[in-house]
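>>> Provided below for reference: sequence and predicted model.
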Amino acid sequence: MRKSFGFALSAAAVMGAAVIPAAASAATAGPAVHRNGDTTQGGAPAAKPLTPTSASDPATTVTFAVTSGALTMTAPTSAALGSGAPGGSISSQLGTVTVTDNRALLSASWTATVSSTTFITGTGAGGETIPTTDAFYDPGAITTTGTITATPTGVVLSSTPQAVVAGTAGAGNNSASWNPRIVVTVPNSAVSGAYTGTITHSVS
């Protein structure tokens, strides 16, 4: 009997020794690692971080057009230059002349010209005529907008168009304005009266 009892006690002791370390091991063990590399805590699988979905940014091709216009010129429809005696001179500004270049060119240039008829009074016979060449055209100062270099040139008026302002080194739309001075030398042979002539501007 003692032998059998002792055996049973020894078996219980052995069983207890075997269980206690196992429990302690389970209590102190860290997170388990599974085959897929995820860790668990307390037997629950760890949550995997979300990976953002990769997608290309949408692109839109945009088109538009820049329009172009014309090369134009404006000048006064009439001008009164004043009065003067034979052998003297008459000097007055004509009024604002403007070149407007709306062609929107990459490289813009233009030339403004002027011409004139003779100046007459009455029937234009004998001393009733003052020659075109007795008048001088001086562009004076020039005001510009946009990109353009405007160079003035004074000329003795003629029936043939002559360059008076040259626009160079331009880009895109531009304009130039000036108020030319007209100086008329009145011949000694001129008779009294109101003289009329036509000054014509053009640009190209």
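Nice, I can see it. Residues are numbered from 1 along each chain as shown.

>>> could you pull out the helices in this protein for me?
Listed in chain order, the helices of the chain (DSSP state H) span 2-28.

>>> residue nearest the centroid of it?
Residue closest to the average C-alpha location in the chain (CA atoms, centre = their mean): residue 172, at 8.6 Å.

>>> which one is it nearest to, not counting chain neighbours?
Using CB to CB, 6 or more residues apart in numbering and skipping the chain neighbours, the partner closest in space to residue 172 is residue 104 (5.6 Å). Any C-beta I mention is one placed from the backbone N, CA and C, and that applies to glycine too.

>>> repeat that for residue 72.
residue 100 is the one closest to residue 72 (CB to CB, 6+ apart), at 5.1 Å.

>>> neighbours of that neighbour, how many?
Residues contacting residue 100 under the criterion other CB atoms under 10 Å number 20.

>>> could you verify my assumption that it touches residue 108?
No - with contact defined as CB atoms under 8 Å, residue 100 does not count as touching residue 108 (11.6 Å).

>>> any idea how far residue 103 is from the residue nearest to the centre of the chain?
9 Å (CB to CB, to the nearest Å).

>>> give the buried residues for stretch 157-173.
Within stretch 157-173, the residues that count as buried by 16 or more other CB atoms under 10 Å are 157, 161, 164-167, 170, 172-173.

>>> now do stretch 61-81
In stretch 61-81, residues buried by neighbour count (16+ other CB under 10 Å) are 73, 75, 81.

>>> let's see which of these end up in strands.
Counted as lying in strands by DSSP state E, out of the buried residues of stretch 61-81, are residue 73.

>>> stretch 154-162: how far from the chain's middle?
37 Å (CA atoms, centre = their mean, to the nearest Å).

>>> cool, and stretch 142-156?
So, by CA atoms, centre = their mean, the centroid of stretch 142-156 is 22 Å from its chain's centroid.

>>> likewise stretch 183-198?
On CA atoms, centre = their mean, the centre of stretch 183-198 falls 49 Å from the chain's centre.

>>> start to end distance for it?
14 Å (CA to CA, to the nearest Å).

>>> avg pLDDT for it?
Confidence over stretch 183-198 (mean pLDDT, whole number) is 97.

>>> leaving out chain neighbours, which residue sits closest to residue 144?
residue 176 (4.8 Å).

>>> that neighbour and residue 146 touch, don't they?
No - using CB under 8 Å, residue 176 is not in contact with residue 146; the gap is 9.2 Å.

>>> neighbour count winner among those two?
Higher neighbour count among residue 176 and residue 146: residue 176, with 28 against 15, using other CB under 10 Å.

>>> measure that one to residue 197 for me?
25 Å.

>>> residues making contact with the strand ranked longest in the chain?
Longest strand in the chain, counting residues (DSSP E): strand 162-178. Counting by CB atoms under 8 Å, 6 or more residues apart in numbering, strand 162-178 makes contact with 69, 96-115, 137, 139-155, 180, all of which sit outside it.
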